[in-house]
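>>> Here's a sequence, model it:
(one chain, ligands or ions: 1)
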Amino acid sequence: MLELKDVTAHYGTSQALFGMSFSLEAGQVATLLGRNGMGKTTTIHTMMGIVKASGGSIRFGGEEILGQPSFRIANLGIGLVPEGRQIFPNLSLMENLVATASNHLGVADPWTVDRVFALFPELETRTGSMGNLLSGGEQQMLAIGRALMTNPRLLILDEATEGLAPLVRQKIWAALTEIRKAGMSIIVVDKNLSDLLRISDRHFVVQRGQVVWTGTSADLQADAEVRQRYLGF
Ligand code: ATP
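Next up is the predicted model:
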């Protein structure tokens, strides 16, 4: 479904991605792991066309998306839950949910407001509240719901549980498990590795702008050296 090959990216003269390559099959949940500043967010932003790649190839569903504008990439079925949530502060919860909703791919059983509320019942009681008055947890659930309402084939979550209380984090992971059961492919960037080990099929460890290790959760649990060297625990 997704294949990155030798992707390079720069911020001005400073290179951030040095031949990023990995692939994901439909229905899989994968993580991008690595210490701060290793290029995880840049990889995601390059996939979404937010950062312009300077070389390589990104194929999604057989189509080359590298170099395409962000709106086109989103319309092809990649939904981003961005770092920092980026909820529209002056729109209500309901307006945030529907503002970018679409079904460009003509999914037979699309995500609706009711389906999002079934996933996150907390949101249903706050429909009229302005985005900036929601708690961090509510904003995160809303950011996920908003991305689902674009009916993507691939959902990407960048630091979705950062700064959230453990109970809220568990709700987010439980929701992801449900979303996954519905057949969605998911890429997660997160620091809460123990939770990720439970829900992920595959991990890609990123070091200085490239993938240096890949394997399953069982592989990662068994490989103390990789964890120590690249993840620091
Ligand atoms: P974190 O978990 O801290 O977000 P990350 O693995 O997502 O880390 P990136 O944010 O992709 O890493 O950063 C990769 C490299 O690119 C770092 O050296 C960072 O300083 C640099 N970088 C990221 N964004 C910019 C920017 N807007 N301008 C210049 N350099 C940047």
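>>> And the ligand, is stretch 72-82 touching that?
No: judged by C-beta under 6 Å from any ligand atom, stretch 72-82 stays clear of the ligand, getting no closer than 11.4 Å. C-beta coordinates here come from the backbone N, C-alpha and C atoms, glycine included.
>>> start the count at 12, not 1, going forward
Done: numbering now begins at 12, and the last item shifts to stretch 83-93.
>>> Could you export the helix or strand bottoming out on mean pLDDT in the chain as PDB, CA atoms only?
Ranked by mean pLDDT, DSSP states H and E, the weakest helix or strand in the chain is helix 204-210, scoring a mean of 86. The C-alpha trace of helix 204-210 is given here as PDB (Å, rounded to 0.1, in the frame of the first residue of the first chain):
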ATOM      1  CA  LEU A 204       6.600   2.100  23.400                       C
ATOM      2  CA  SER A 205       5.000  -0.400  25.800                       C
ATOM      3  CA  ASP A 206       1.500   0.500  24.400                       C
ATOM      4  CA  LEU A 207       2.800   0.400  20.900                       C
ATOM      5  CA  LEU A 208       4.200  -3.000  21.200                       C
ATOM      6  CA  ARG A 209       0.800  -4.400  21.900                       C
ATOM      7  CA  ILE A 210      -1.000  -2.900  18.900                       C
END
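>>> Show me the contact partners of the following helix or strand past that helix.
Downstream of helix 204-210, the next assigned helix or strand under DSSP states H and E is strand 213-218. Strand 213-218 is contacted by residues 31, 33, 35, 39-46, 49-51, 54, 207, 222-228, 230-231, 237, 241-242 when judged by C-beta atoms under 8 Å, 6 or more residues apart in numbering.
>>> Can you list the strands that strand 213-218 pairs with?
Sheet pairing for strand 213-218, assigned by DSSP bridges, gives strand 40-44 (parallel), strand 221-226 (antiparallel).
>>> Kindly identify which of the contacts of strand 213-218 also come near the ligand.
Taking C-beta under 6 Å from any ligand atom as the test, the ligand is in contact with G45, M49, G50, K51 out of the contacts of strand 213-218.
>>> Keep only those of the residues you listed that are in helices.
Using DSSP state H, the subset of those located in helices is K51.
>>> Would you check which pair of the ones next to the ligand among the contacts of strand 213-218 lies furthest apart?
Greatest spacing in those, by C-beta to C-beta: G45 and G50 (7.4 Å).
>>> Test my guess that L13 contacts F71.
Yes: between L13 and F71 there is a contact at 5.3 Å, judged by C-beta atoms under 8 Å.
>>> This completes my enquiry, with thanks.
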